[in-house]
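Peer 1: Fold the following for me, if possible:
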Amino acid sequence: MKLFVMLLSLLLLPACAQVGDHRKALNDSSEQKLTLGVAQKEIKVGMSQADVAKALGSPNMVTKDKDGVETWIYDKVSSDYAYSTSSGGVSGLAFGLGGGLLGGGMANTNQSSGATSRTQRTLTIVIKFADAAVKEFTYNSTSF
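Peer 2: Numbers count the residues shown, from 1 in each chain. Predicted coordinates:
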């Protein structure tokens, strides 16, 4: 009977969520975000200021130098923290040889798993305009 309980426990344990399953189940909040990919895909030399604003939204900072070159700076910082956990198991009375009133004891098998994720990202995009059109642009992205 103890063998039966042990085999049953082994069959049920894979039903518990694994760490990788938890990570996949976490919500992804990346929809409609300003990303490096968006900047690389959308911004082109010669593009109008209106089209840049439509693609990237409002800049964090706007400056104009002595030559009249307007510069838009987008500076984004995001911090993501996610945690997911689960636990489960099997417990029951195992009959057979051993101590206890009925010659058996309690079988108890529990397992728990979880996942934690912490990420911080920065993205800086600098766009210079001449005559209200993109003259040049640079970007820098980090993740840690």
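Peer 1: so where do the strands sit in this structure?
Peer 2: 61-64, 70-94, 105-130, 133-143 (DSSP state E).
Peer 1: Going by mean pLDDT, which of those comes out lowest?
Peer 2: Note on these: strand 70-94 shows the lowest mean pLDDT, a mean of 79.
Peer 1: Given that one, what are its sheet partners and their directions?
Peer 2: Here strand 70-94 has these sheet partners by DSSP bridges: strand 61-64 (antiparallel), strand 105-130 (antiparallel).
Peer 1: okay if I get those as a markdown table plus distance to Gln49 and mean neighbour count?
Peer 2: For the C-beta atoms, the positions are set from N, CA and C on the backbone; glycine is no exception. Output for those, formatted as a markdown table (distance: least, Cβ to Cβ, whole Å; neighbours: other Cβ atoms under 10 Å):
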| stretch | distance to Gln49 | mean neighbour count |
| --- | --- | --- |
| strand 61-64 | 10 | 11 |
| strand 105-130 | 6 | 15 |
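Peer 1: Quick check: phi and psi at Lys66.
Peer 2: phi -70, psi -20 (degrees, to the nearest 10).
Peer 1: From Val134, how far out is it?
Peer 2: 20 Å (Cβ to Cβ, to the nearest Å).
Peer 1: So between the two, which is more surrounded?
Peer 2: Set Lys66 next to Val134 and count neighbours by other Cβ atoms under 10 Å: Val134 wins out with 19 against 5.
Peer 1: ok, now which ones touch the more buried one?
Peer 2: Residues in contact with Val134 (Cβ atoms under 8 Å, 6 or more residues apart in numbering) are Ile43, Lys44, Val45, Gly46, Met47, Ser48, Val52, Ile127, Lys128.
Peer 1: Can you select the buried ones among these for me in PyMOL?
Peer 2: Applying 16 or more other Cβ atoms under 10 Å to these leaves a buried subset, and the PyMOL line that selects it is:
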select buried, resi 43+47+52+127
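Peer 1: Narrow the contacts of Val134 to those in helices?
Peer 2: Among those, the ones falling in helices (DSSP state H) are Val52.
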